[in-house]
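S.K.: next come a sequence and a model predicted from it.
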Protein chains: 2
Amino acid sequence: MRKSDVVWHNFEVTREMRNRLNNHKSIAVWFTGLPASGKSTLAHATEKRLYELGIRTYTLDGDNIRHGLCSDLGFSKEERDEHLRRIAEVIKLFIDAGIVVLAAFVSPLKEQREKVKSIIGKKDFLEIYCRCPVEICESRDPKGMYKKAILGEIKEYTGISSPYEEPENPDLVLDTHLLSVEESVERVVSLIKKRML
Amino acid sequence: MRKSDVVWHNFEVTREMRNRLNNHKSIAVWFTGLPASGKSTLAHATEKRLYELGIRTYTLDGDNIRHGLCSDLGFSKEERDEHLRRIAEVIKLFIDAGIVVLAAFVSPLKEQREKVKSIIGKKDFLEIYCRCPVEICESRDPKGMYKKAILGEIKEYTGISSPYEEPENPDLVLDTHLLSVEESVERVVSLIKKRML
């Protein structure tokens, strides 16, 4: 293009402009907890509710990340860390794009969640702890993974052969074995609304 | 959550629903061409115009990808391929989220662009070739990279010591040294509108 035409800053669409167009702010809502504690279901149910409120959202979980962006990664400590790093970087882009991101990942270690939070930025990050006794998670076991872990067919499975470190100061705790999905969603949505004002 | 509450498919927000909320479809617009051929400027200028039309967009380029999602990658053939693979996977998520994605990457090899296209999906992909003689790109050289490449300080620099394979059937060719930014943007936007109907 002609040199005189190149006035970069005039072409910028900022996060603030996108938030204005959408009529809402953007933020990350991170669901952590044991496998089968209800993270992904709650993320999707929250998204559905936000959609009904006219809010632009997207949900990231194992289903759309493990087969795509992170299909090259296995389950070693290093690879799990890299998996979460990439997710955090993608969330950062989505937030910049004006989207409310729901993310559902076991993320068992405090150190991992801190890393994610530091990449995304503290002010744009909500941590929701889906708290559920491991026996109940085991009994749900939708993918038969707990069974395999107990039989030793899967190594280092969180809750069985690998630790889950409870969040110390989550923005919200949901006892998913005591609350209905509707009740949980209501609490998450009211937290999001408060932070988006 | 209570087992009876878990009815997954009821909670799904689909791409079609997001498109309906936004009142427009989502698509990827891929700008390819030599370094300094005007890709990134045009992507941002197009985004600005789409924003004015009330369309939800996001621009991906070296600035927001190399320092974040791909900060672990260098410039070997394998790393450049992985760089583009991740970008394509992220674009796929953005399209699913209802966003029109503008992407500006040299992507010099036909094979690379085909890979990107196959990940994103042919029907969601527009290829824009920013065509500009290398001498003019060299003379622009906003980051002083051509100079370094000519001096041999950078190896395998596209256009100097590494080939650029011209697209054979791009959806649009822009001779960026002959057109103004405004003229180019107008052509891109009219192409996008046609594909989004």
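M.R.: Yep, that arrived.

S.K.: list the beta-bridge partners for the most centrally placed residue in chain A.
M.R.: The centroid of chain A falls nearest to A:Ala103 when counting by Cα atoms, centre = their mean (1.7 Å). With DSSP bridges as the criterion, A:Ala103 is bridged to A:Trp30, A:Leu60.

S.K.: tell me the spacing between A:Val100 and A:Arg195.
M.R.: Using Cβ to Cβ, to the nearest Å, we find A:Val100 at a distance of 10 Å from A:Arg195. All C-beta spots, glycine's among them, are computed from the backbone N, C-alpha and C.

S.K.: name the residue in those two with the higher neighbour count.
M.R.: Between A:Val100 and A:Arg195, counted using other Cβ atoms under 10 Å in any protein chain shown, A:Val100 has the larger neighbour count: 25 against 15.

S.K.: picking that back up, can you give me every residue that contacts the residue nearest to the centre of chain A?
M.R.: A:28-31, A:43, A:59-61, A:87, A:91 (Cβ atoms under 8 Å, 6 or more residues apart in numbering or on different chains).

S.K.: shared neighbours, A:Val100 and A:Arg195?
M.R.: Shared contacts of A:Val100 and A:Arg195, counting by Cβ under 8 Å, 6+ apart, come down to A:Ile27.

S.K.: reformat the contacts of A:Ala103 as CSV; add neighbour count, pLDDT and distance to A:Leu174.
M.R.: Shown next, in CSV, are the contacts of A:Ala103 (neighbours: other Cβ atoms under 10 Å in any protein chain shown; pLDDT from 0 to 100; distance: Cβ to Cβ, whole Å):
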residue, neighbour count, pLDDT, distance to A:Leu174
A:Ala28, 25, 98, 17
A:Val29, 28, 98, 12
A:Trp30, 28, 98, 13
A:Phe31, 29, 98, 9
A:Ala43, 27, 97, 12
A:Thr59, 25, 98, 16
A:Leu60, 23, 97, 19
A:Asp61, 18, 94, 16
A:Ile87, 25, 98, 21
A:Ile91, 27, 98, 20
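
S.K.: out of these, who's nearest B:Gly68?
M.R.: Closest to B:Gly68 out of the contacts of A:Ala103 is A:Ile91 (10.5 Å), distances taken as Cβ to Cβ.

S.K.: touching the helix or strand where that closest one lies from outside, list them.
M.R.: Secondary structure assigned from DSSP states H and E places A:Ile91 in helix A:77-96. Identification of contacts with helix A:77-96 by Cβ under 8 Å, 6+ apart yields A:15, A:18, A:26-28, A:58, A:60, A:65, A:69-70, A:73, A:101, A:103, A:105, A:107, A:112, A:115-116, A:119-121, A:124, B:58, B:60, B:64, B:68-69, B:72, B:86, B:90, B:93-94, B:97.

S.K.: which residues touch the residue lying closest to A:Cys132 once chain neighbours are set aside?
M.R.: Leaving out its chain neighbours, the residue that sits closest to A:Cys132 by Cβ to Cβ, 6 or more residues apart in numbering or on different chains is A:Ser37, at 4.1 Å. A:Ser37 makes contact with A:130-132, A:137, A:176 under the criterion Cβ under 8 Å, 6+ apart.

S.K.: adding secondary structure, pLDDT and neighbour count, write those residues out as JSON lines.
M.R.: Output for the contacts of A:Ser37, formatted as JSON lines (DSSP: H, G, I helix; E, B strand; the rest coil; pLDDT from 0 to 100; neighbours: other Cβ atoms under 10 Å in any protein chain shown):
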{"residue": "A:Cys130", "secondary structure": "strand", "pLDDT": "98", "neighbour count": "29"}
{"residue": "A:Arg131", "secondary structure": "strand", "pLDDT": "97", "neighbour count": "19"}
{"residue": "A:Cys132", "secondary structure": "coil", "pLDDT": "96", "neighbour count": "22"}
{"residue": "A:Cys137", "secondary structure": "helix", "pLDDT": "95", "neighbour count": "25"}
{"residue": "A:Thr176", "secondary structure": "coil", "pLDDT": "96", "neighbour count": "29"}
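
S.K.: among those, which one sits closest to B:Tyr51?
M.R.: When the contacts of A:Ser37 are ranked by distance to B:Tyr51 (Cβ to Cβ), A:Cys130 comes first, at 36.6 Å.

S.K.: would the residue nearest to A:Cys132 count as being in a strand?
M.R.: No: with DSSP: H, G, I helix; E, B strand; the rest coil as the criterion, A:Ser37 is assigned coil and is not in a strand.

S.K.: can the helix or strand of chain A with the lowest mean pLDDT be said to contact chain B?
M.R.: None of the helices or strands of chain A scores lower by mean pLDDT, DSSP states H and E than helix A:62-65, at a mean of 90. Yes: applying Cβ under 8 Å from any Cβ of the partner chain, one finds helix A:62-65 touching chain B at A:Asn64.

S.K.: list the buried residues in that helix.
M.R.: Applying a neighbour-count criterion of 16 or more other Cβ atoms under 10 Å in any protein chain shown, one finds A:62, A:65 buried in helix A:62-65.

S.K.: what about the strands in chain A?
M.R.: A:28-32, A:57-61, A:100-104, A:125-131, A:172-175 (DSSP state E).

S.K.: got TSV for those strands, with distance to A:Leu50 too?
M.R.: Below are the strands of chain A laid out as TSV (distance: least, Cβ to Cβ, whole Å):
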stretch	distance to A:Leu50
strand A:28-32	9
strand A:57-61	5
strand A:100-104	6
strand A:125-131	13
strand A:172-175	15
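
S.K.: show me the shaky parts of chain A.
M.R.: For chain A, the stretches with pLDDT under 70 are A:1-10.

S.K.: could you redo the last one with a cut-off of 90?
M.R.: Applying pLDDT under 90 to chain A picks out residues A:1-11, A:63, A:75, A:141-143, A:155-156, A:196-197.
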